[in-house]
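Visitor: quick one: sequence and predicted model below, then my questions.
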Amino acid sequence: MSAIRLLVLGAVRQHGRAHGYQVRNDLEYWGAHEWSNAKPGSIYHALKQMAKQGLLHAHDIAPSTVGGPPRTEYELTAAGEAEYLALLRAALAQHDQKVDMLSAAIGFVVDLPRAEAVALLKERVRALEEWRSTVTGYYTPEEGPEQLGHIGEIMNMWVHSADSGAVWTRGLIERIEGGAYVFAGEGEPFVGVLAEGQENPYATKDVRRGEGAGPEGGGAAGREGGGDGGATEAHETHEAHEGREGREGH
């Protein structure tokens, strides 16, 4: 499964409708560019591809007040909603998810009802324990993995990973069952996205003031360019890119 798919669908869903710059800004705000493949080019590519696949509906809207060409806003379709929830549930329940996929799922866990989130996490613990029992039963010599020389350290690493993963998951279950966080259907959720025009303190430093348009533009212009003027320039850069994509894709 692809973490970028889950991340982009989830980020768009939290806004209702969002353009590429908002999605990128949110994911950088979460640090997703550090622990996943949520780089600018991957984000814009995922948006376009999922629109072609019918998971997102692309809306061409008028330019913002700062000017520039029309930009594209994305919204989940019914198929996109089903795909998002399927990816989220699988990422929480399966024991063999990559760290980026599990991290993305934890970021969106409150989109599920509390009881369902707990049930999925308990399934993850059960699967971890089953996997640990199976591999140690079949592949560990009676005298311990050290009998395999340094190769036995591979088994030690995976057993430790399973044990620590189960401990962490049980702790999360306990916190959720104890009433932590606001889950679906319980009231106003925690706002984990940036408001329109809000400066992102964690934006990547990949745009310098005055450079050309492209999907690699970022919030760094807001800091390096000085206050709102730099942030506006970065936003204009992304709007130019999205406007170009909208013309090419329609």
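Guide: Thanks, I have it.
Visitor: and the pLDDT for the closest residue to N37 other than its chain neighbours?
Guide: Leaving aside its sequence neighbours, N37 sits nearest to I4 (C-beta to C-beta, 6 or more residues apart in numbering; 5.6 Å). Where C-beta positions appear, they are placed from N, C-alpha and C, glycine not excepted. Note on I4: pLDDT of 95.
Visitor: helix, strand or coil for I4?
Guide: Under DSSP: H, G, I helix; E, B strand; the rest coil, I4 falls in the helix class.
Visitor: test my guess that it contacts A46.
Guide: Yes. Counting by C-beta atoms under 8 Å, I4 touches A46, with 5.1 Å between them.
Visitor: point out where the chain drops to low pLDDT.
Guide: Along the chain, segments meeting pLDDT under 70 span 1, 62-69, 138-142, 144-146, 196, 202, 204-250.
Visitor: tell me which element H57 falls in.
Guide: Element membership of H57 [criterion: DSSP states H and E] is strand 56-61.
Visitor: quick one on the thing from earlier: tell me the contacts of the residue nearest to N37?
Guide: By C-beta atoms under 8 Å, 6 or more residues apart in numbering, I4 lies in contact with S36, N37, A38, S42, I43, A46.
Visitor: which one of the residues you listed sits closest to R24?
Guide: Lowest distance from R24 to those (C-beta to C-beta) belongs to I43, with 5.1 Å.
Visitor: what about the closest one, how many neighbours?
Guide: 26 (other C-beta atoms under 10 Å).
Visitor: could you do E83 as well?
Guide: E83, neighbours per other C-beta under 10 Å, totals 20.
Visitor: can you tell me the element it falls in?
Guide: Going by DSSP H and E, E83 is in helix 78-93.
Visitor: which strands or helices does that helix pack on?
Guide: Applying 3 or more C-beta pairs under 8 Å, 6 or more residues apart in numbering; DSSP states H and E, one finds that helix 78-93 contacts helix 3-15, helix 99-108, helix 114-139.
Visitor: pull the residues that contact stretch 157-175.
Guide: Counting by C-beta under 8 Å, 6+ apart, residues outside stretch 157-175 touching it are 95, 106, 118, 121-122, 124-125, 128-129, 131-132, 135-136, 181.
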